[in-house]
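**Q** compute the structure for the input listed below.
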Amino acid sequence: MGISHYLKEIGRGARGAKALDRAQAADLFGQVLDGTVSDLEIGAFCIAMRIKGETLEEMSGFLDATEARIARFPSSGQPTVVLPSYNGARKLPVLTPLLALLLAREGLPVLLHGMRTEARRILASDVLAELGVESLGAPRRIAPGEVVQISTEALLPGLASLLRARELIGLRNPGHSVVKLINPCDADALVICSYTHPEYFDTLCATYRERTMNGLLSRGLEGEVAADPRRTPRYDGFVRGEHVVLQDQSPGTASEVAGLPTEIDVATTAQYTQDVLDGQLPVPPALQQQVQHIVQLARRISLVPKE
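**A** Numbering: from 1, shown residues only. The predicted structure is shown next:
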């Protein structure tokens, strides 16, 4: 046991490092999640992977280890929409709670998971709590048309601990990529994923295909999965690993969005979310498009049997 022999392979710099195969990556990451390695080794792992970058085989192994240990939600009888939320609002209101509640209004079961990974940001979890959706202590069945949220700590404490390493090291680590793609459901799930840096796009697409996942991939708002209300991004859909471009990116950025507040605090964002749901303010067109794509993908998942 131990991960020192893996560190010798991945820790030789950008040019000298060797990639791990899927089984090796799963073993390494499993030991990190189980807390059987030292803080020094975890720090070395984080820095080495930050320099080297994750390969498809390594990402698949990391996800294998995570999903073998994660607490799971029982089947809802239809695909559950999974919304990872780890960034929060910095300049614009966080719209992930609005996305979740709009999807629930379409009759879908919706699961939001996350934790604070950056200081001074307004979290989707706080906005949902303001709207009466408290965080669960443990998984349970999600009813169609219901939104639930759960912390990473409740799903897998070792993963939450790895994410908190960013506070000490100052850099993201493989855990931040893993949380974008985990499926904490026993049955079909539709994992909504966003990316900020274009170089991650190919790796994310390859991971969806390799793991025959269902999902929607797009450029999100400040690292969140909800669409930027000022833009029309490209949307890539996946049904059991099959990839289809649902919509191409449109040029331009809107100068304003009707009703969108300039303040980003929890109370203001929650009130805006409720006003949109009550029909007092319009749904941002970009968010409505995103909802439509997710609903259509959920229907397609139900029609395509597992192999």
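
**Q** and stretch 71-90, what's buried?
**A** For stretch 71-90, a neighbour-count test (16 or more other Cβ atoms under 10 Å) marks 73, 75-76, 78-89 as buried. (C-beta placed from N, C-alpha, C; glycine too.)

**Q** strands - which of those land there?
**A** Under the assignment DSSP state E, the buried residues of stretch 71-90 contribute 80, 81, 82, 83, 84, 85 to strands.

**Q** run through the bridge partners of the second one.
**A** Partner residues in beta bridges with residue 81: residue 110, residue 190, with DSSP bridges as the criterion.

**Q** repeat for the one 4 residues further on
**A** The bridge-partner assignment for residue 85, based on DSSP bridges, gives residue 114.

**Q** what's near enough to touch it?
**A** Contacts for residue 85 (Cβ atoms under 8 Å, 6 or more residues apart in numbering) come out as 94, 96, 112, 113, 114, 123, 124, 125, 224, 225.

**Q** and the average pLDDT for the helix ranked longest in the chain is what?
**A** If you go by DSSP state H, the chain has its longest helix at helix 285-303. For helix 285-303, mean pLDDT is 94.

**Q** which residues are in contact with it?
**A** Against helix 285-303 from outside (Cβ under 8 Å, 6+ apart): 78-79, 81, 95, 98-99, 102-103, 106, 108, 188, 190, 192, 214-216, 218, 226-233, 235, 237, 239-240, 246-247, 283.

**Q** same question, stretch 60-67
**A** Under Cβ under 8 Å, 6+ apart, the answer for stretch 60-67 is 20-30, 33, 54, 156, 159, 174, 177-178, 181-184, 207, 210-211.

**Q** write the PyMOL selection for whichever of those are buried.
**A** Only the buried entries of the contacts of stretch 60-67 go into this PyMOL selection, using 16+ other Cβ under 10 Å:
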select buried, resi 20+22+24+25+26+27+28+29+30+33+54+156+159+174+177+178+181+182+183+184+207+211
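
**Q** now render the contacts of residue 85 as TSV, adding secondary structure and pLDDT.
**A** Shown next, in TSV, are those (DSSP: H, G, I helix; E, B strand; the rest coil; pLDDT from 0 to 100):
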residue	secondary structure	pLDDT
94	coil	94
96	helix	96
112	strand	98
113	strand	98
114	strand	95
123	coil	93
124	helix	94
125	helix	95
224	strand	91
225	coil	94
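
**Q** what's the most distant pair in the residues you listed?
**A** 94 and 113 (14.8 Å; Cβ to Cβ).

**Q** confidence score at the closest residue to residue 4 other than its chain neighbours?
**A** Setting aside the residues directly before and after it, residue 4 is nearest to residue 41 in space (Cβ to Cβ, 6 or more residues apart in numbering), at 7.1 Å. Model confidence at residue 41, expressed as pLDDT, equals 95.

**Q** my read: residue 41 touches residue 3, true?
**A** Yes: counting by Cβ atoms under 8 Å, residue 41 touches residue 3, with 5.6 Å between them.

**Q** and the two? Which one has more around it.
**A** Set residue 41 next to residue 3 and count neighbours by other Cβ atoms under 10 Å: residue 3 wins out with 22 against 18.

**Q** now do the contacts for the more buried one.
**A** Counted by Cβ under 8 Å, 6+ apart, residue 3 has contacts 28, 31, 32, 37, 41, 45.

**Q** among these, which ones are in helices?
**A** Checked against DSSP H, the contacts of residue 3 include these in helices: 28, 31, 32, 41, 45.

**Q** in the chain, where is pLDDT below threshold?
**A** 252, 254-255, 307 (pLDDT under 70).
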